[in-house]
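> generate coordinates for the sequence data below:
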Amino acid sequence: MADELPGRDLVAKMYGKKFWVVITKAAKPREEIAKHIVEHLHHQIKLEKDGIMFGAGPLINPDIPPGSLGLIVIRAENETEARRIADSDPLHASGARTYDLYQWTVNEGRITISVDLSDKSFELK
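Numbers count the residues shown, from 1 in each chain. Here you go, the predicted model:
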């Protein structure tokens, strides 16, 4: 068919898992952010332990001050739930940081985990 997108058969086989990406940005000086950082980290750990967070961390660029941008990838059923989760971050709730929200479909990639049963050690590559 002329209107069919090239590669559609390849995309159909891909993972296609939907996540939500929160790009978080400093809205107040570092001193104000620092007041909420421990509470923020506890919140992030809870999201991780509850299986909501896929990953998070700072975005580094030599042209911006450290701590200016961060990325949080979460699991949520829809945009409303994703916003509720992002809004619950103490840095966002306090106004020290703001965020933009994007839906992200993961199609390609590889996660490699090596587990040694003899000593219960593991390595994430």
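> can you list the helices and strands that the longest helix seen in the chain packs against?
Counting residues, the longest helix found in the chain (DSSP state H) is helix 37-49. If contacts are counted by 3 or more C-beta pairs under 8 Å, 6 or more residues apart in numbering; DSSP states H and E, helix 37-49 sits against strand 53-59, helix 90-93. Where you see a C-beta, it was placed from the backbone N, CA and C, and this is true even at glycine.
> okay, and the beta partners of the most centrally placed residue in the chain?
Nearest to the geometric centre of the chain sits Val73, at 1.7 Å (C-alpha atoms, centre = their mean). Beta bridges link Val73 to Val21, Gly55, judged by DSSP bridges.
> surely it and Ile52 touch.
No - Val73 is beyond contact range of Ile52, at 10.0 Å (criterion: C-beta atoms under 8 Å).
> average pLDDT for stretch 103-110?
The pLDDT scores in stretch 103-110 average 94.
> now tell me what touches that stretch from outside.
By C-beta atoms under 8 Å, 6 or more residues apart in numbering, the residues outside stretch 103-110 that reach it are Val11, Met14, Tyr15, Gly16, Lys17, Lys18, Phe19, Trp20, Val21, Val73, Glu79, Ala82.
> now do the second one against Leu5, distance only.
Using C-beta to C-beta, to the nearest Å, one gets 13 Å for the distance from Met14 to Leu5.
> what about the two, which has more around it?
Met14 (13 against 8; other C-beta atoms under 10 Å).
> list the contacts for the more buried one?
Here Met14 is in contact with Asn107, Glu108 (C-beta under 8 Å, 6+ apart).
> alright, that wraps it up for me.
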